[in-house]
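Q: Pasting a predicted model and its sequence here:
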Amino acid sequence: MRKVSILLLFLTIVVCAQAQVATNIYWVQFTDKANSPYSIDNPEAYLSPRALQRRANQGIAIDEYDIPVNPQYLQAVADCGAAILNPSKWLNGTSVHVTDPSVIDAINALGFVASVRNCPNDLKAQEQKERWLANEMKPTASSRGFRGYYGGAEAQVIQLHVNELHDMGFDGTGVIVAVLDGGFVGTDEHSCFDNMREEGRFLGVRDFVYGSNSVYSQSTHGTSCLSTMAAYDPNNMVGTAPKASYYLIHTEDGESENIIEEYNWVSGAEYADSLGVDVCSTSLGYIDFDMSQWNHPLEHFDGKTAPMSIGAEIAASRGMVCMNAAGNEYGGYCTLGIPADAEHIITVGAVNASGTRADFSSVGPTYDERIKPDVMAMGEGTYVASGYGWWPYYNGDGTSFATPVLAGAVACLRQARPYASVQQICDAIRACGNRANNPDFYYGYGIPDFSQALELLNVGETPMEANEIIGVYPNPSHGAVRVMLNGCAKAELAVYDMMGRCLYKYSFNGLNHTTLENYLNTLESGVYFINANSETGSQTLKIVLTR
């Protein structure tokens, strides 16, 4: 059996069982969200203000995916004798823990249950995976001799030109990153995270594997991944987003390889979304499981079949920029791990400091012949922090490490361009890759230059031509709109309807954009015109609103 890929070269009604014995875990799929106490019209009941603001910034409407699983359904399943583990509103179901087989019969009899899926494990296969992980958790000692500001991380930072964003003041400040991983041993003690803790940028943790209050167990993998972004230990190690804020989310069970972990991840991504997270970094991936009936054949790698890939697509549609490791399954044809096949995320492969692809880095294409990985970052000889106090830093290998290196750069880009859509950011990253003119299934679009991505988004975030006075985006809009002044000190605006009636006049200086946006967002669906006059000329802009 080809083992899963990416815990890489080293190693609510929610009632959680103390330890999830996967043999007794099931996935319960519901038919609908009918008669829910939640509604699209009252998203404040289930999304944080920051999550709502992120949607407003990008013009994303609330839809049925956002509505939580019907709590009455969860209660009915619990009344059958099941322990509710992790509900998923995006997949409209829940994982449960059951010890009595008759409980499954009772759940299947519920009218709103579409199916119940058993998620067992083969204990012998679990033992094999534990030995495999033990062999891979052998990092090599650091050989970096220089000690500039970035310390041993200098090569991986400069390779993406993210240091140039730092020089402009874009270091992740105000951006929230979620790291979804298999464990964060030592994160609560390592000195490279002292600054994050002291400044209150360590925002919290959540465990979707054991339901505990701690994520500091099982693996140091998440700690090392986090350090490539969050470390701030000048002259020893500074990451790509040293001033961002972070949530740590445990979704991967290092003691098994079970498809329930894909469902855990989706619940974790939903949790990140509800908190208003901007960027998700995941160094996990799935191909084969302990029980072969859940293995992913090639046709599953179409970006819309595997549970985790479906969840990744929905996460991106909510306005979160998601990065996922390509995998460490070498070359060939489509050696990716789920959800690296998802279309609207950035799948990251690994190169060394000279920009040459690491021979272990997984390749595409997807089953439907899309280019993956999307881009590359340093994942061979990457400088990372260890979760073990006696060995603070080392050089590690894996697309696991390339992914957060790049995710930190994306956090800086998001800080600089808060209104850019996920699609715009992803397109800009691909477009500024050093192989953008000739992408392939090994390097994707190549190693991105984030200083160029920033320049591309000067246009991409606000779709205005050089001779335009104002820009309204998104346009057409299904929700809130944003307005920006282009290249002039102020403009006199008038808003007209299709009949030519003047509805509103306003003196716009760019700093008072909120007042104008608030007015435009009161308008009903329809076509409107904004006439703008400034010292540079006159412009009439058509805007289309579909509420």
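A: Arrived safely. Numbers count the residues shown, from 1 in each chain.
Q: What part of this protein, helix or strand, is modelled with the least confidence?
A: In the chain, no helix or strand scores lower on mean pLDDT, DSSP states H and E than helix 123-136, which sits at a mean of 40.
Q: give me the number of residues near the closest residue in space to residue 517 that isn't next to it in sequence?
A: Leaving out its chain neighbours, the residue that sits closest to residue 517 by Cβ to Cβ, 6 or more residues apart in numbering is residue 483, at 5.5 Å. To be clear about C-beta, it is placed using only N, CA and C from the backbone, and glycine gets the same treatment. By other Cβ atoms under 10 Å, the residues close to residue 483 number 24.
Q: residue contacts, residue 483?
A: 470-472, 508, 513, 516-517, 520 (Cβ atoms under 8 Å, 6 or more residues apart in numbering).
Q: let's see 6 Å
A: 472, 513, 516-517 (Cβ atoms under 6 Å, 6 or more residues apart in numbering).
Q: Which elements pack onto the top helix by length along the chain?
A: Counting residues, the longest helix found in the chain (DSSP state H) is helix 399-416. Contacts defined by 3 or more Cβ pairs under 6 Å, 6 or more residues apart in numbering; DSSP states H and E place helix 399-416 against helix 162-167, helix 221-230, strand 279-282, strand 321-325, strand 346-351, strand 375-378, helix 450-460.
Q: Residue 87: which of those is closest?
A: Within those, the stretch nearest residue 87 is strand 279-282; the backing value is 19.1 Å (Cβ to Cβ).
Q: What residues of stretch 414-424 count as buried?
A: 414-417, 419-422, 424 (16 or more other Cβ atoms under 10 Å).
Q: neighbouring contacts of it?
A: Residues outside stretch 414-424 that contact it (Cβ under 6 Å, 6+ apart): 57-58, 170, 172, 174-175, 278, 316, 321, 454, 457, 460-461, 482.
Q: ok so, going back, just so I know, which of the helices and strands packed on helix 399-416 lies nearest residue 65?
A: Closest to residue 65 of the helices and strands packed on helix 399-416 is strand 321-325 (Cβ to Cβ; 15.1 Å).
Q: Distance from the chain centre to that closest one, please.
A: 5 Å (Cα atoms, centre = their mean, to the nearest Å).
Q: Repeat that for stretch 105-125.
A: 29 Å.
Q: again, but for stretch 182-192
A: Centre-to-centre, stretch 182-192 and its host chain are 21 Å apart (Cα atoms, centre = their mean).
Q: In CSV, list the buried residues of stretch 414-424 along with pLDDT and distance to residue 67.
A: As requested, the buried residues of stretch 414-424 are arranged in CSV below (pLDDT from 0 to 100; distance: Cβ to Cβ, whole Å):
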residue, pLDDT, distance to residue 67
414, 96, 26
415, 93, 30
416, 92, 33
417, 91, 30
419, 86, 26
420, 88, 27
421, 89, 23
422, 94, 21
424, 90, 27
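Q: from these, which is closest to residue 501?
A: residue 419 (29.8 Å).
Q: which phi and psi does the closest one have?
A: phi -100, psi 0 (degrees, to the nearest 10).
Q: And residue 426, by the same measure?
A: Torsion angles, degrees, to the nearest 10, at residue 426: phi -60, psi -40.
Q: Quick check: closest non-adjacent residue to it.
A: Nearest non-adjacent residue to residue 426 (Cβ to Cβ, 6+ apart): residue 346, at 5.8 Å.
Q: ok, now which ones touch that neighbour?
A: Residue 346 neighbours (Cβ under 6 Å, 6+ apart): 323, 374, 426.
Q: Let me know the pLDDT of the residue nearest to residue 102 when sequence neighbours are not counted.
A: Using Cβ to Cβ, 6+ apart and skipping the chain neighbours, the partner closest in space to residue 102 is residue 81 (7.9 Å). For residue 81, the model assigns a pLDDT of 97.
Q: so residue 81 makes contact with residue 103?
A: Yes: contact status for residue 81 versus residue 103: in contact at 4.2 Å, counting by Cβ atoms under 6 Å.
Q: So which of those two has more stuff around it?
A: Set residue 81 next to residue 103 and count neighbours by other Cβ under 10 Å: residue 103 wins out with 20 against 15.
Q: Identify the residues contacting the helix or strand containing the more buried one?
A: For residue 103, the host element (DSSP states H and E) is helix 101-108. Residues from elsewhere that reach helix 101-108 (Cβ under 6 Å, 6+ apart): 77, 80-82, 113, 116.
Q: Please identify the buried residues of the helix or strand just after that helix?
A: Toward the C-terminus, helix 101-108 is succeeded by strand 113-118 as the next helix or strand (DSSP H and E). Judged by neighbour count using 16+ other Cβ under 10 Å, the buried positions of strand 113-118 are 113, 116-118.
Q: Where does the closest residue to residue 94 other than its chain neighbours sit: helix, strand or coil?
A: Excluding the flanking residues, the one nearest residue 94 by Cβ to Cβ, 6+ apart is residue 87, at 4.1 Å. Classification of residue 87 by DSSP: H, G, I helix; E, B strand; the rest coil places it in strand.
Q: Number the residues from 52 up from this point.
A: Okay, using 52 as the starting number, the last item reads as residue 138.
Q: okay, now residue 138: neighbour count?
A: Using other Cβ under 10 Å, residue 138 has 26 neighbouring residues.
Q: Domain parsing of this protein, as residue ranges.
A: Following automatic domain parsing, the chain resolves into domains at 73-172, 175-511, 521-596.
Q: winner for burial among these?
A: For the domains of the chain, average neighbour numbers computed from mean count of other Cβ atoms under 10 Å are highest in domain 175-511, which has a mean of 22.
Q: any idea which element the residue nearest to residue 153 lies in?
A: Per DSSP H and E, residue 132 falls between elements, in no helix or strand.
Q: what's the answer for residue 228, then?
A: Assigned by DSSP H and E, residue 228 belongs to strand 227-232.
Q: Packing partners of that strand?
A: Where contact means 3+ Cβ pairs under 6 Å, 6+ apart, strand 227-232 is packed against helix 272-281, strand 296-301, strand 330-333.
Q: circling back: ok, so of the buried residues of strand 164-169, who is nearest residue 300?
A: Nearest to residue 300 out of those is residue 168 (Cβ to Cβ; 23.0 Å).
Q: nearest residue to the closest one other than its sequence neighbours?
A: Nearest residue to residue 168 in three dimensions, chain neighbours excluded: residue 78, at 4.2 Å (Cβ to Cβ, 6+ apart).
Q: one step back: distance from the chain centre to the longest helix of the chain, please.
A: Worked out by Cα atoms, centre = their mean, helix 450-467 lies 10 Å from the chain centre.
Q: any idea of the angle it forms with helix 272-281?
A: 40 degrees (axes from the mean of the first three to the mean of the last three Cα atoms, to 10 degrees).
Q: Return the backbone torsion pair for residue 359.
A: When quoted as degrees, to the nearest 10, the phi and psi of residue 359 stand at phi -70, psi -30.
Q: Equivalent analysis for residue 116, please.
A: Backbone torsions of residue 116, given as degrees, to the nearest 10, read phi -60, psi -30.
Q: Run through the stretch 302-451 of the chain and note the low-pLDDT ranges.
A: Low-confidence segments of the stretch 302-451 of the chain, defined by pLDDT under 70: none present.
Q: one more time with 90
A: Residue ranges of the stretch 302-451 of the chain with pLDDT under 90: 305-309, 339-345, 439-442.
Q: Look up the closest residue to residue 351, ignoring the ones flanking it.
A: Distances taken as Cβ to Cβ, 6+ apart place residue 357 nearest to residue 351, at 5.2 Å, with adjacent residues excluded.
Q: Contact partners for that neighbour?
A: By Cβ under 6 Å, 6+ apart, residue 357 lies in contact with 347, 351, 389.
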